[in-house]
Structure formats: C-alpha cells, structure tokens
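Participant: next input, structure requested:
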Amino acid sequence: MVKAVIFDMDGLILDTEKLLVKYWCEAANEAGFPMQREHALNIRSLARKFAIPYLQGIFGEDFDYVSIRARRMELMNEYISRHGLETKPGLNELLDRLNADGIPAAVATATDYQRTEKYLTQVGVFHKFDKIVCASMVESGKPKPDIYIYAAAQLGLDPSECMALEDSPNGVRSAAGAGCITVMVPDLTPPDEELRGLVFAVAESLADVPAIIEKT
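Facilitator: Here you go, the predicted model:
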C-alpha cells in the first residue's frame, strides 16, 4: 500500500523541461559551445557534480558550467516573467485526491528551495505538499538515490512505502535506486527497455496515477 507520493518538479509538476532544454542550448551556444537538444536532455535532474564532468567531457575543460547555467537561468526567468508557468495535466486533481485519501505528498527536486517555493507558490500548489526536499539537502543528487531516501525519511516512511513520480531517466534511476514504487510519467523522453525495467508502471499523465496507486 502506498503511504505517500513523492513528486519530481520540473517536467512532472511544471511544464518547464522544454524551457530548460531550450535555454541550456541557447546559453551554451552564446558562449561558443555547440550544445544540442540531446545534450540538454541528458542533464535533466542531473546533479551539478555529475553534470559538470559530463558536459566538459563533450565540450572540453573550458566549458564554464557555472556561468552558462547562470545565463540559462537568466533567459528562463525572463521567459517565465513574461509568460508564467504551466502545470502538467491532472496535477491539481491528483493532489486533491491524495489529500482526500489522507496520503501525504512531497517534492524531491534538483531545483533549489527558494525557486521551488517560488514556482510552486506561483502555480498555487505549494501548500498542498507536506515536505519539500531539494538536492542541496543531500550528499548526492539524482541519479543517486539519496534524495528519495531522505524525502521518505522526512515523511517518517521507508522508501518502499512511497510512490515516486518521475519524468526523466535520471529521476527514474534515483527513485528506483532508493527502492521507491517508481512510476514514470514521460515528458520529453519516452521510456526505453532499461527504464521500463526500473518502474512499477508508466503513466500517460498524472491523471492516471490514482488508478496505479489502487493496483499497488
């Protein structure tokens, strides 16, 4: 039985992965590095200490992750200030259903706490989560399992009692590695054979999650 549900944020709660990919590429290209969509897809939810060697392995030691990431954030913030944030289909209905059923909800995200609080408040769901856990709170971020182990502990549960909802390969690996009941809700990347072997189920959208919970 599922005793809590832990949500990723970007690409799962918020429709922001498309922005992260777009502006990573734009910021890197401005700096003279030919980053393509595939490179940006591979660093979704990837902790900084893993993303830096990955990108420098492709583009060389001169790839300044910190400054390029700062420019990516600047471009993305400009877009959000003009257009706002979109949530993924079924989010509010799922959160309301969990609340009605007495199932706690948490967030486990690579995004820092300040921006996480800002974004979730902006779309009106911050108050619907019992716990917010960010990668900065653990030793190793995704794809390592630390963040899900810590999130479960914050809820007073074992990871095996928690359903984790993830959209990206790195997130799925993190949740499955922690021992969570992992459900992939694909955003920009469909599940391949490896990912299907790690998950309890694949959902087309968050609207499908209540039925999956009933099957556990």
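Participant: per-residue confidence averaged over the host helix or strand of Met163?
Facilitator: If you go by DSSP states H and E, Met163 is part of strand 162-166. Across strand 162-166, pLDDT averages out at 98.
Participant: got it, and stretch 138-157?
Facilitator: The pLDDT scores in stretch 138-157 average 97.
Participant: now stretch 9-17
Facilitator: Mean predicted lDDT for stretch 9-17 stands at 97.
Participant: can you get me the start-to-end distance on it?
Facilitator: 10 Å (CA to CA, to the nearest Å).
Participant: distance between that stretch and the chain's centre?
Facilitator: 7 Å (CA atoms, centre = their mean, to the nearest Å).
Participant: ditto for stretch 76-90
Facilitator: Centroid separation between stretch 76-90 and its chain, computed with CA atoms, centre = their mean, is 15 Å.
Participant: list the buried residues in it.
Facilitator: Neighbour counts over stretch 76-90 (16 or more other CB atoms under 10 Å) mark Met76, Ile80, Leu85, Thr87, Lys88, Gly90 as buried. Where C-beta positions appear, they are placed from N, C-alpha and C, glycine not excepted.
Participant: which residues sit against that stretch?
Facilitator: Stretch 76-90 is touched from outside by 11-16, 19-20, 23, 119, 122-123, 125, 185, 187, 205-209, with contacts defined as CB atoms under 8 Å, 6 or more residues apart in numbering.
Participant: low-confidence ranges, this structure, go.
Facilitator: The chain contains no residues with pLDDT under 70.
Participant: which parts of this structure are helices?
Facilitator: 17-30, 37-42, 48-59, 65-83, 91-101, 113-122, 146-154, 169-178, 193-196, 209-215 (DSSP state H).
Participant: please work out which of those helices is packed deepest.
Facilitator: Mean neighbour counts were taken over the helices of the chain using mean count of other CB atoms under 10 Å, and the top value, a mean of 25, falls to helix 169-178.
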